[in-house]
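J.: My questions concern the predicted model and sequence given below.
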Amino acid sequence: MLSDQAEVFGFPNSFLGIAAFSIFIALGIALIAGVDFPRWFWGTALVGTVLAIVFSHWLAYQTTFVIGALCPYCMVAWVGTFMILSTVIQEFLRPKFEGDEENEGSYAVEKIAMFMPVFHLLWASLLIGSAFVGVN
């Protein structure tokens with residue numbers, strides 16, 4: 001928390017995390033409540049989430065290979081950001097194939113959604129495992 005990487009934009013990175021995760025918690029609650037967001041919204045969310053993933057991976061690299069110390073809160077944020085990305089991708093693709101049960105695209109989205117938990121577990125294991133190896 002005392003390194004140069006902890007305040008990339010001139011204020012603590014945790015402020016970005018608090019703001020971003022709060023937005024996505026509210027978005028998740030809205031989805032559970034059945035709110036239907038337009039496609040442009042999901043496109044904007046996808047761009048923002050991809051930028052967050054790039055920033056998160058840069059911070060993971062910095063933490064692991066430059067600073068040489070791991071932060072448990074940061075590791076949770078790395079995994080959480082990736083889970084948000086996969087959800088946003090699924091929601092971005094869903095309206096495109098909704099309503100057509102015979103559509104192969106709809107089938108593909110369902111298959112991708114089915115394998116997401118395994119993919120998340122594998123990705124999180126690789127990320128956290130490489131972090132521990134990089135620090136030692």
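T.: Yep, it's here.
J.: Could you tell me which residues within the helix or strand containing I29 count as buried?
T.: Counting by DSSP states H and E, the secondary-structure element that holds I29 is helix 13-32. With burial defined by 16 or more other Cβ atoms under 10 Å, the residues of helix 13-32 counted as buried are N13, G17, A20, F21, F24, L27. C-beta here means a position set from N, CA and C on the backbone, and glycine is covered the same way.
J.: which residues does the nearest residue to the fifth one once chain neighbours are set aside contact?
T.: The shortest distance from F24 to any residue that is not its chain neighbour, by Cβ to Cβ, 6 or more residues apart in numbering, is 5.3 Å, and that residue is I84. Taking Cβ atoms under 8 Å, 6 or more residues apart in numbering as the definition of contact, the neighbours of I84 are F24, T49, A52.
J.: Turn these into CSV, including pLDDT and distance to T63.
T.: CSV is the format used below for the contacts of I84 (pLDDT from 0 to 100; distance: Cβ to Cβ, whole Å):
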residue, pLDDT, distance to T63
F24, 91, 22
T49, 92, 20
A52, 91, 16
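J.: how about low-confidence regions in this structure?
T.: 1-4, 6, 95-109, 131, 134-136 (pLDDT under 70).
J.: pull the longest helix from it.
T.: Ranked by residue count and defined by DSSP state H, the top helix of the chain is helix 104-135.
J.: Counting by contacts, list what that helix packs against.
T.: Judged by 3 or more Cβ pairs under 8 Å, 6 or more residues apart in numbering; DSSP states H and E, the packing partners of helix 104-135 are helix 72-97.
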